[in-house]
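Enquirer: Build the 3D model from these lines:
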Amino acid sequence: MKTESILQALEIKHPGELEYLQAVKEVLHSIEDVYNQHPEFKKAGIIERLVEPDRIFTFKVSWVDDNGNVQVNLGYRVQFNNAIGPYKGGIRFHASVGLSSLKFLGFEQTFKNALTTLPMGGGKGGSDFSPKGKSNAEVMRFCQAFILELWRHIGPNTDVPAGDIGVGAREIGYMFGMYKKLALENTGTFTGKGLDYGGSLIRPEATGFGGLYFVEQMLKAQGMDIKGKTVAVSGFGNVAWGAVLKATEMGAKVVTISGPDGYVYDPNGISGEKIDYMLDLRNSGEDVVAPYATKYGVEFFPGKRPWQQKVDIALPCAIQNELNEEDAKMLIANNVSCVAEISNMGCTAEAVDLFISKNIMFGPGKAVNAGGVATSGLEMTQNAMHLNWTAEEVDEKLKQIMKNIHEQCCIYGKQPNGYINYVKGANIAGFMKVARAMMAQGVV
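Expert: Residues are numbered from 1 along each chain as shown. Here you go, the predicted structure:
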């Protein structure tokens, strides 16, 4: 495989799609050696087929605000690869949504879903609509208009969307209600649903919980324990909340959370009612964390990111590329032991390279944050079986899935010096499963 020529061709074909190109580059460099050991992959054009989505739907979403004015947004669904199961991935409502970010997310989702061992392909969708500052009625009208355009292309055995940034239980409920009406069926077409109509217990916490289960395995592999470790977390939404909750339960001390306005540093640790207050911050719709500092009398750093603090473990939980090379240098200077992306591609490529070059334990998002989609897969299973598992049953299955993902990463990522390159391990493990499935199904 001539990695650079493939990347150059993609750059010409998809100019300016930086996030997507970054994600493809990382995977191709990781799998190059193992790919070249399988000449049948080259003959079947596996890479050329894998880096392009199966199809992309782009559509106009017209809706009416509370003042009676017509608003227009763009909607997307990227169905990336369904070699091992129905397309599966979240819907994101955020002003930053565009094709580059969604193609990157769908590409990553393909490998992440393969790692879970559940039968799910990769996809992603969204809109440049932001729920922030909108009334419930406006959000409902937008969600209904969005699904009016998309409903024909999704279904329990075709494409199963979920929530993501800007899309929580409220938005999923509105979209699922409209889908049901249009499709004349009540099936598990969406995950992240409310508990009263087919949702799974612990789904809101699952991404954060799964991330900490993976980190626990990383530390165990090095003979370390998470108990007593200090942790920096970015973000304050569902993912960060689940991470803070589980890290605290495990005996670690989380000292930061962050938002677009900056971050707070709480040296006494974010626990108890402080974790509950994170839900109040999220539900306020203000998208800021400064009120935490005021309420609990701790320091707030406006416009800053939490990676300047001295911690044992750093967990990006907010958005892609939120931890850059300079942040990585600060963490390394402060003797960080472990960095794990609970957000998708939370670190820049330069930061990742630096962590690996210094033999710092580093977990990539496609492995670390797979707990969210894994629990979505468990929700799909429950819906198909017309039953509900207890929280303990779901949590136990999630723990086992994260342990299995860690084991797959170790198989392909262990280096001669004993260092585990989780980026390489995750990419190869996910790629091999998808590639074998594609080979078995012919050129389609």
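
Enquirer: What residues of stretch 50-57 count as buried?
Expert: For stretch 50-57, a neighbour-count test (16 or more other C-beta atoms under 10 Å) marks 50-54, 56-57 as buried. C-beta: built from backbone N, CA, C; applies to glycine.

Enquirer: now the strands: where do they sit in the stretch 101-250 of the chain?
Expert: Along the stretch 101-250 of the chain, counting by DSSP state E, counting those that start in this stretch, strands occupy 122-127, 159-162, 230-233.

Enquirer: Highest mean neighbour count out of these?
Expert: Comparing the strands of the stretch 101-250 of the chain on average neighbours per residue, with mean count of other C-beta atoms under 10 Å, the densest one is strand 122-127 at a mean of 29.

Enquirer: helices and strands around that one, which ones?
Expert: strand 70-81, strand 87-93, helix 99-115, helix 136-150, strand 159-162 (3 or more C-beta pairs under 8 Å, 6 or more residues apart in numbering; DSSP states H and E).

Enquirer: again, 10 Å this time
Expert: Packed against strand 122-127 by the contact rule (3 or more C-beta pairs under 10 Å, 6 or more residues apart in numbering; DSSP states H and E) you find strand 55-64, strand 70-81, strand 87-93, helix 99-115, helix 136-150, strand 159-162.

Enquirer: Indicate which one of the ones you listed is closest to Leu323.
Expert: Nearest of the helices and strands packed on strand 122-127 to Leu323, taken as C-beta to C-beta: helix 99-115 at 16.3 Å.

Enquirer: report the angle between the axes of that closest one and strand 122-127?
Expert: In terms of direction (axes from the mean of the first three to the mean of the last three C-alpha atoms, to 10 degrees), helix 99-115 departs from strand 122-127 by 150 degrees.

Enquirer: what angle separates helix 99-115 from strand 87-93?
Expert: If you take the same axes, to 10 degrees, helix 99-115 sits at 140 degrees to strand 87-93.

Enquirer: change the start of the numbering to 7 and stick with it
Expert: With the count now opening at 7, the last piece we talked about shows up as helix 105-121.

Enquirer: got the CA coordinates for helix 105-121 in PDB?
Expert: Taking Å, rounded to 0.1, in the frame of the first residue of the first chain, the C-alpha atoms of helix 105-121 are listed here in PDB:
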ATOM      1  CA  LEU A 105     -19.200  17.100   5.900                       C
ATOM      2  CA  SER A 106     -15.600  16.900   7.000                       C
ATOM      3  CA  SER A 107     -16.500  16.400  10.700                       C
ATOM      4  CA  LEU A 108     -19.200  13.900   9.900                       C
ATOM      5  CA  LYS A 109     -17.100  11.900   7.400                       C
ATOM      6  CA  PHE A 110     -14.300  11.700  10.100                       C
ATOM      7  CA  LEU A 111     -16.800  10.600  12.700                       C
ATOM      8  CA  GLY A 112     -18.400   8.000  10.400                       C
ATOM      9  CA  PHE A 113     -15.000   6.600   9.400                       C
ATOM     10  CA  GLU A 114     -13.900   6.300  13.000                       C
ATOM     11  CA  GLN A 115     -17.300   4.800  13.900                       C
ATOM     12  CA  THR A 116     -16.700   2.000  11.500                       C
ATOM     13  CA  PHE A 117     -13.600   0.800  13.300                       C
ATOM     14  CA  LYS A 118     -15.000   1.600  16.800                       C
ATOM     15  CA  ASN A 119     -18.100  -0.500  16.200                       C
ATOM     16  CA  ALA A 120     -16.000  -3.400  14.800                       C
ATOM     17  CA  LEU A 121     -14.000  -3.400  18.000                       C
END
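
Enquirer: and it, how far out from the chain's middle?
Expert: Taking C-alpha atoms, centre = their mean, to the nearest Å, the mean C-alpha location of helix 105-121 is offset from the chain mean by 9 Å.
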